[in-house]
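*Asks:* Prediction below, plus the sequence it came from.
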Amino acid sequence: MGNVHPQQPEHVDPVQSNMDKDKFYRFFGLRMANEGDGYDITEQRRLEIHLEQKQHDNLDDYGKPSSGAVNRSTVIPWLGGLKFVERLGNPGTVAELHRRCHDMMPQTFDGFRLNVSRALGNYLTVGHSLHAGNRPQTIDCQFNCSYQGDQVHELSGESYPLLIGEMDARGNITANLMHFITPCWRTKLTATILDSVVQNSRLFIDYFGEDYTCTCVLSNIDVMQSMGVFVASYLQQVTAQLALGVDVIYQREDIVPGGQAALVSAVARYQQDNRQWSAMLSLHALELCYTQIYGESLGASVQLQANILKRQAISRLCYHCHMPRVGFSFRGGIDTRGVISAVCEKRLDPLPILLQISGKMNHFSSRFRFGLGLILG
C-alpha cells in the first residue's frame, strides 16, 4: 500500500532530497492528482485478473449465488466480483474498497505484447510474456508460473493456496503467495528480488469476521535499523448496504521528516441494488468512486481523486461492455486532463487466442499510444 523508499545517507544534495520528498508524498497519496496517466497496471495484477477470468469462464453473466451461510450475495465475475448484498455479511478488505471501480478502467499499453500460457494439469500453469515498446530499451521478456489449489473460500470465492512467480531476462524475480490458514485467517506474502537483493517485501494478514475484516500489513521491515511501513485497517459492515472503517499507515524511515510519520484515513462503502459508492478521506487526500451496472453486459464508473494540500483534483469516467457469449470485451475511459483511452478484447474462436487492441490519446499534448496484444492459452 506504499512505495518502496531506499535508505538515504545523512547528507544529500537538494535535488536528491526533493526526489526523496516526492517518494514520501507519493506514499501518502499526495501526488495522485496529476501524476502519470492513472491507467498503469503491474504484471502481477494482470496475471491475477487473468486467473480470475479463467476461474469464471464457465459461469453465467451474473455468476452463481454464493453458498456461504454468513453472506448470501449475487456475484458478477466480469466486474471483478461486485456483490449485491442481501443481508449483513463480511464486507471484505479496505484494500479492495475501490477495486470494482479500478478494475473497470482500461489498462492500456503500447507496442506489441505477446502472452503464451499452458496448463500443466489442473493446478499448474506456465507461460511466457514478451513486451516490445516503441523504443529498443523497453523490450522485456518474462517467464511466469502459477499454482492454484482446488480449495475455495466460502466468503471471498478465492481458490487457495495460490502461488505466482515471475522472472525476467535479467534474472529479477517477483513471487506472491496466498493461503488461508483457517477459514477466517488469510495470509499473503510478496517479494521482489532485483540484482540478487530483496528490494520489496510485504506480509499481509487478514482476519474475516462475520461482519468485519481486520488487516495488518508489514512492508520492508528492517528490525536492526527499526525501519519499515506498518499498515492496519478495519472495515465494519454496519447495515446490509453500509460499511465503515479506518485505515492507519505508519512509516519510519530516514527520508521521512522527523524520522517517522503516520496517516489516518476514514473509509466508507454503500451498496444499493446495482450501484456502489466508496470513499476514502484523510487530511491530505480524497478519493471517491461510483460504480453502476446497466443491464447484463454494461457497467460504468466515475472516480474523483483530490490532493487537498495542493488543491488539485482529477476525475475519470470509465465504462465496460462485456459480452461473454461472443467473447468480446471493451473498456473505455476519459478524464479531465483530456486523456481518452480504450482497450478492446476479442476471442478468436475456435482458436485459443485473445486479441487485444489498445489506444490512448492525450488531447492537450497531442500524444498518441497504440498497442497490439495476443494472449494464447
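*Replies:* That came through fine.

*Asks:* Surely residue 345 forms part of a strand?
*Replies:* Yes - counting by DSSP: H, G, I helix; E, B strand; the rest coil, residue 345 is found in a strand.

*Asks:* show me where pLDDT drops low in the stretch 101-250 of the chain?
*Replies:* Residue ranges of the stretch 101-250 of the chain with pLDDT under 70: 136-137.

*Asks:* so where do the helices sit in it?
*Replies:* Using DSSP state H, counting those that start in this stretch, no helices are found in the stretch 101-250 of the chain.

*Asks:* mind checking the end-to-end distance for stretch 96-115?
*Replies:* 26 Å (Cα to Cα, to the nearest Å).

*Asks:* now stretch 269-285
*Replies:* Across stretch 269-285, first to last residue, Cα to Cα, it's 17 Å.

*Asks:* what's the average pLDDT for that stretch?
*Replies:* For stretch 269-285, mean pLDDT rounds to 94.

*Asks:* residues of it that come out buried?
*Replies:* 269, 270, 271, 274, 276, 277, 278, 279, 280, 282, 284, 285 (16 or more other Cβ atoms under 10 Å). To be clear about C-beta, it is placed using only N, CA and C from the backbone, and glycine gets the same treatment.

*Asks:* Stretch 161-175 now?
*Replies:* In stretch 161-175, counting by 16+ other Cβ under 10 Å, buried: 162, 163, 164, 165, 166, 167, 168, 174, 175.

*Asks:* among the buried residues of stretch 269-285, which are in strands?
*Replies:* Counting by DSSP state E, the buried residues of stretch 269-285 place 269, 270, 271, 276, 277, 278, 279, 280, 285 in strands.

*Asks:* which non-adjacent residue is nearest the third one?
*Replies:* In this structure, residue 271 finds its nearest non-sequential neighbour in residue 241, 5.1 Å apart by Cβ to Cβ, 6 or more residues apart in numbering.

*Asks:* Over to the fifth one?
*Replies:* Take residue 277 and drop its neighbours on the chain: the residue closest to it by Cβ to Cβ, 6+ apart is residue 270, 4.6 Å away.

*Asks:* Could you count how many residues lie near the closest residue to residue 110 other than its chain neighbours?
*Replies:* Leaving aside its sequence neighbours, residue 110 sits nearest to residue 369 (Cβ to Cβ, 6+ apart; 4.2 Å). Residue 369 is flanked by 17 other residues according to other Cβ atoms under 10 Å.

*Asks:* and residue 369, bridged to which residues?
*Replies:* Beta-bridge partners of residue 369, counted by DSSP bridges, are residue 360.

*Asks:* what's near enough to touch it?
*Replies:* 108, 110, 358, 359, 360, 361 (Cβ atoms under 8 Å, 6 or more residues apart in numbering).
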